[in-house]
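J.: Got a predicted structure plus its sequence, pasted below:
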Amino acid sequence: MSRAYNFCAGPAALPEAVLQRAREEMLDYRGTGMSVMEMSHRDDVIVAMAEQAEKDLRDLMGISDDYAVLFLQGGASAQFAMVPMNLLGDAGRADYINTGQWSSKAIKEARRFGEINVAASSEDRNFTYAPAQSDWRLSDDAAYVHYCPNETIGGLEFDFVPEVDKPLVADMSSTILSRPLDVSRFGLIYAGAQKNIGPAGITVVIVRKDLLGRAGASVPAMMNYQTHAENGSMYNTPPTFAWYLAGLVFQWLKEQGGVDAMGEINRRKADKLYGFIDASGFYSNPVAPTQRSWMNVPFILSDSALDKAFLAEADAAGLRNLKGHRSVGGMRASIYNAVPETAVDALIDFMADFEKRNG
Ligand code: PMP
């Protein structure tokens, strides 16, 4: 069996060692004679597995006891609603920064619940840069400030953490665990798992505890962070298998040297690929150089008529899922933690060869 180089934006590549471990434990999890999938979430073995996963994530990200770590369902999209439902409070107003399709979706959803001020936007230049904080028009009475540090589709990543005097809320779906981060700068961080955490079906929310308990009475129990914080994310049946796999990914990350080591590798992978693209004259990426995503690298060919051939030949060479998002076209290579540097090298070799033959 040979594994493909998988550049999918999500669900994305998982570390091979994690998949192998899951395979070994599939039929008999630690001598129980059962699969993780077949056990009660109230079983001591599963509770211990879940607690270990949370502990490992706390270690990896340096999350203090001031924060609750929740493992929820509904993807990051459910968080687009849960954040305002839980945090708008009496102010009824929040500031959002619009840097692309995912921030736009978060804004649209939040508008169901309150007054949303778009404090800054980079739509004027097709979301190819992050607006400088000096240009943000924040409201005095906002309950929180929301932004998306890494736009998965546009491949735009903030090169700064905003300084605000309100709780800072971040959709980190496609950047979490890719490099070191000071969690204490944030009020709330959320991330769908299917990129750097694990398989689809579980969502991590890291929320400062003083922000719990602000939801109004009409907010359903399942949509209230406090419910989940009080119940160890086991108010109802959690996605135990996804949680287990996330736990294996956290252990794997620790073995690799944690986010410091991953950050080094990720920087190298991204530098190589962008460096090659910039030098080629055949491929291009439109994002401001200091704000290019380390995780999602969109690029176009100088002649879009070659797109089909590029994708077909890449696929035949074992380089999968390079097609850009359906809304923008072109190509996109997502190079998350589990995508090895050898995959980036293979991609660059292929791109160079394709250029030679078609450029
Ligand atoms: N935010 C970002 C930055 C994303 O990349 C995605 C998914 N690609 C989402 C939100 C939506 O996540 P989900 O599909 O888990 O709801």
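T.: Cool, got the structure. Numbers count the residues shown, from 1 in each chain.
J.: Mind listing the residues bridging to S334?
T.: For S334, the beta-bridge partners under DSSP bridges are N296.
J.: Quick check: nearest residue in space to R112, chain neighbours excluded?
T.: Spatial nearest neighbour of R112, chain neighbours left out: A81 (7.2 Å); criterion: CB to CB, 6 or more residues apart in numbering. Where C-beta positions appear, they are placed from N, C-alpha and C, glycine not excepted.
J.: Could you give the number of residues near that neighbour?
T.: Using other CB atoms under 10 Å, A81 is surrounded by 17 other residues.
J.: Same question for the one 10 residues further on.
T.: Residues near A91, counting by other CB under 10 Å, number 17.
J.: got it, and the one 5 residues further on?
T.: For Y96, the count of nearby residues is 26 (other CB under 10 Å).
J.: same check, this time on E24
T.: Neighbours of E24 using other CB under 10 Å come to 10.
J.: Confirm that it sits in a helix.
T.: Yes. E24 forms part of a helix when assessed by DSSP: H, G, I helix; E, B strand; the rest coil.
J.: tell me the contacts of the residue nearest to R112?
T.: Taking CB atoms under 8 Å, 6 or more residues apart in numbering, we find A81 in contact with 109-110, 112-113, 223.
J.: Can you tell me which of those are buried?
T.: 109-110, 113, 223 (16 or more other CB atoms under 10 Å).
J.: Look at the residue in the stretch 251-359 of the chain that the ligand sits nearest to and report its pLDDT.
T.: Distances between the stretch 251-359 of the chain and the ligand by CB to the nearest ligand atom are smallest at N296, namely 8.2 Å. Per-residue confidence (pLDDT) for N296: 98.
J.: That one: neighbour count?
T.: Neighbour tally, N296, other CB under 10 Å: 29.
J.: again, but for V161
T.: With other CB under 10 Å as criterion, V161 counts 15.
J.: how many neighbours does the closest residue to it other than its chain neighbours have?
T.: Among residues not flanking V161 along the chain, R185 sits closest, at 5.2 Å (CB to CB, 6+ apart). For R185, the neighbour count with other CB under 10 Å is 13.
J.: Phi first, then psi, for R185.
T.: Taking degrees, to the nearest 10, you get phi -80, psi -10 for the backbone angles of R185.
J.: And the pLDDT at it?
T.: Confidence at R185, expressed as pLDDT, is 98.
J.: Next: M1.
T.: 59.
J.: report the longest helix in this structure, please.
T.: Assignment by DSSP state H gives helix 258-280 as the longest helix of the chain.
J.: who touches that one?
T.: For helix 258-280, contacts defined as CB under 8 Å, 6+ apart pick out 59-61, 177-181, 253, 256, 283-285, 289, 292-295, 297, 299, 333, 335, 337, 339, 341, 344-345, 347-348, 351-352, 355, 359.
J.: who in this protein is up against the ligand?
T.: 10, 75-77, 102, 148, 152, 171, 173-174, 192 (CB under 6 Å from any ligand atom).
J.: out of the residues you listed, which are buried?
T.: Using 16+ other CB under 10 Å, the buried members of the residues of the chain next to the ligand are 10, 75-76, 102, 148, 152, 171, 173-174, 192.
J.: Go through the buried ones among the contacts of A81 and flag which are in strands.
T.: Among those, no member is found in strands (DSSP state E).
J.: Switch those residues over to a markdown table; also include pLDDT.
T.: Output for these, formatted as a markdown table (pLDDT from 0 to 100):
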| residue | pLDDT |
| --- | --- |
| E109 | 98 |
| A110 | 98 |
| F113 | 97 |
| M223 | 98 |
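J.: which of those residues sit farthest apart?
T.: For the buried ones among the contacts of A81, the maximum inter-member distance is 13.7 Å, found between A110 and M223 (CB to CB).
J.: among the residues of the chain next to the ligand, which are in strands?
T.: Reading strands off the residues of the chain next to the ligand with DSSP E, I get 171, 192.
J.: which among the residues of the chain next to the ligand gets closest to D210?
T.: Nearest to D210 among the residues of the chain next to the ligand is D171, at 20.8 Å by CB to CB.
J.: OK, contacts around that closest one?
T.: 76, 79, 102-103, 106, 146-149, 190-191.
J.: Quick check, pLDDT for it.
T.: Value for D171, per-residue pLDDT: 99.
J.: With R326 instead?
T.: So, for R326, pLDDT stands at 86.
J.: Please report how far it lies from T99.
T.: 20 Å (CB to CB, to the nearest Å).
J.: More neighbours: which of those two?
T.: The neighbour comparison of R326 against T99 (other CB under 10 Å) goes to T99, with 27 against 7.
J.: these two touch, right, the more buried one and E157?
T.: No. T99 lies out of contact with E157 (CB atoms under 8 Å); the separation is 9.5 Å.
J.: Report the set of residues contacting both of those two.
T.: Common contact partners of T99 and E157 (CB under 8 Å, 6+ apart): 130, 151.
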